[in-house]
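> show me the folded form of this:
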Amino acid sequence: MKQWLPFIKSDPVVSVIRLSGMISTGGRGALNDASLAPIIEKAFTKGKPVAVALEVNSPGGSPVQSSLIGARIRRLAEEKEIPVIAFVEDVAASGGYWLAAAADEIYADTSSVVGSIGVISAGFGLHELMAKNGVERRVYTAGNSKSMLDPFRPEKPEDVARLKELLEDIHANFKEHVAARRLGKLVQDRDLFTGEIWLARKAIEVGLIDGIGHIKPHLQERFGKKVQLRRYGAKKGLLSRFGAQIVGDALEGVEERAQYARFGL
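Numbers count the residues shown, from 1 in each chain. As a prediction, the model looks like this:
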């Protein structure tokens, strides 16, 4: 009611956006620009928040979706002139750190994993298994590179070289984003873009985050004890809320578990 009474001062409100999980174009619960767009827009425009807080817990994923989400956050932050503060939980690595770097300040728990500013591409080669089982692969293309890195054919050096070139270009975009968002904060005597990870205290030393802090006490210290946290996030479907899963969800869960396991989580 306070916001409707002009003579009563309202308590400050901080919009909280939860960014938890893998960053991917599809899959229930995955972080992507299409599903997050209305949530992010509402967080910045509903009421008059004094700040927007990001709860980040992601091992990464799609570089394009990371860029799109981060760009949307920055665009609205500048348009509405609202500061953005990120709070890292278990991990903000790779694309997860891209999202955290969209904030003006980044805080984490002492045991949070931060960094992994690099790009990875992984797959399998099945041509020997097929040959042993008498399976012949038949592929016809128009265009020399159309079947690049076909997992059912022997690896070609020129395909690997081309893939590495693409990965280097994506890595350059990642480095540019981090350098711009952490301008003046990153140490200059160390290469921070090797894919290495750090715990929070070391991450502070190299300039990847600003400090140790948890969301509620930090915001209370900053905006007062009466600050209200207004949370925004994707709603789970009815079946999901009752614990129902399908094969696709199970496979995505395995993939997500593998991504977190890379950082010992």
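> could you identify the longest helix within the chain?
Using DSSP state H, we find that the single longest helix of the chain is helix 157-181.
> show me which residues of it are buried.
H171, F174, H177, V178, R181 (16 or more other CB atoms under 10 Å). In short, each C-beta sits where N, CA and C put it, glycine included.
> adding pLDDT and distance to I106, write these out as TSV.
Formatted as TSV, the buried residues of helix 157-181 follow (pLDDT from 0 to 100; distance: CB to CB, whole Å):
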residue	pLDDT	distance to I106
H171	93	21
F174	95	16
H177	95	13
V178	96	11
R181	96	9
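> quick check, nearest of those to Q188?
V178 (13.6 Å; CB to CB).
> quick one: contacts for the nearest residue to that closest one once chain neighbours are set aside?
Among residues not flanking V178 along the chain, A101 sits closest, at 5.5 Å (CB to CB, 6 or more residues apart in numbering). Counting by CB atoms under 8 Å, 6 or more residues apart in numbering, A101 touches G70, A86, H177, V178, R181, R182.
> need phi/psi at A101.
Backbone torsions of A101, given as degrees, to the nearest 10, read phi -70, psi -10.
> now it: how far from R162?
29 Å (CB to CB, to the nearest Å).
> ok, now how distant is G96 from P63?
12 Å.
> quick one: the strands in the chain, in order.
13-20, 51-58, 84-93, 105-108, 113-115, 197-199, 211-212, 228-232 (DSSP state E).
> put together TSV for these, with distance to R222 on each row.
As requested, the strands of the chain are exported to TSV (distance: least, CB to CB, whole Å):
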stretch	distance to R222
strand 13-20	9
strand 51-58	8
strand 84-93	8
strand 105-108	10
strand 113-115	21
strand 197-199	24
strand 211-212	12
strand 228-232	12
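> mind putting these into a markdown table with distance to D191 and mean pLDDT?
Formatted as a markdown table, the strands of the chain follow (distance: least, CB to CB, whole Å; pLDDT from 0 to 100):
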| stretch | distance to D191 | mean pLDDT |
| --- | --- | --- |
| strand 13-20 | 27 | 97 |
| strand 51-58 | 23 | 98 |
| strand 84-93 | 17 | 97 |
| strand 105-108 | 20 | 98 |
| strand 113-115 | 12 | 96 |
| strand 197-199 | 13 | 96 |
| strand 211-212 | 23 | 98 |
| strand 228-232 | 37 | 95 |
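> need the helices for the stretch 101-250 of the chain, in chain order.
Taking DSSP state H, counting those that start in this stretch, the helices of the stretch 101-250 of the chain run over residues 127-132, 157-181, 200-206, 215-223, 238-241, 247-261.
> ok, back up a step: let's have the strands of the chain in CSV, adding distance to R74 and mean neighbour count.
Formatted as CSV, the strands of the chain follow (distance: least, CB to CB, whole Å; neighbours: other CB atoms under 10 Å):
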stretch, distance to R74, mean neighbour count
strand 13-20, 13, 21
strand 51-58, 11, 24
strand 84-93, 8, 25
strand 105-108, 14, 25
strand 113-115, 20, 26
strand 197-199, 24, 19
strand 211-212, 21, 14
strand 228-232, 17, 15
